[in-house]
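# the following comprises the amino acid sequence and a computationally predicted model.
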Amino acid sequence: MAGNGIATRTATEERVYAIGEVARLADLKAFVLRYWETEFPMLAPTKDNAGRRVYRQQDVDMVFRIKRLLYDEGFTIAGARRRLREKGAADDSVHGSNHAGDGASQLLSRRMLLDLRDALHAFLTLLERR
């Protein structure tokens with residue numbers, strides 16, 4: 001992996017991500033990802049020769065599933081872990097998240113909606129002052 005923080009590809013052309021990239025994509029702190037690794041056995045990034053975490057696309061997708069369960073659906077850590085174990089891939093197909101890269105597109109949509117909400121809130125504040 002290149003030391004410049006840019007995603008690289010392995011010999012089989014699988015895209016891999018550094019922990020900082022995953023943290024930025026998911027809008028999380030790196031320490032949260034490291035903590036989730038201890039709480040969610042299904043989140044298991046490998047380490048490169050230098051000992052740095054290397055996230056594959058399936059790991060990135062799992063980060064977005066965990067984030068959705070914890071932040072959007074209100075599960076506890078234990079509840080989210082249980083849900084991921086029980087539902088697995090079946091849960092993802094119900095929620096429409098079974099395609100690689102959906103996590104990033106969901107995040108983009110969520111950010112756009114949050115930006116729109118903030119803009120509308122600011123607009124409403126301006127109107128109320130008049």
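That came through, no problem.
# who are the packing partners of the helix or strand hosting Val60?
Of the helices and strands defined by DSSP states H and E, Val60 is found in helix 57-67. Judged by 3 or more CB pairs under 8 Å, 6 or more residues apart in numbering; DSSP states H and E, helix 57-67 is in contact with strand 15-17, helix 19-26, helix 30-39, helix 77-95, helix 102-129. In short, each C-beta sits where N, CA and C put it, glycine included.
# run the angle between the third one and helix 57-67 for me.
For helix 30-39 against helix 57-67, the angle by axes from the mean of the first three to the mean of the last three CA atoms, to 10 degrees is 90 degrees.
# pull the helix or strand with minimum mean pLDDT from the protein.
Least confident helix or strand, the chain: strand 8-9 with a mean of 54, by mean pLDDT, DSSP states H and E.
# what ranges in the protein fall below the confidence cut-off?
1-13, 88-111, 130 (pLDDT under 70).
# in it, which residue is most central in space?
Residue closest to the average C-alpha location in the chain (CA atoms, centre = their mean): Phe64, at 3.1 Å.
# that one against Ala26, yeah?
Yes: contact status for Phe64 versus Ala26: in contact at 6.3 Å, counting by CB atoms under 8 Å.
# buried residues in the helix holding Val60?
For helix 57-67, a neighbour-count test (16 or more other CB atoms under 10 Å) marks 59-67 as buried.
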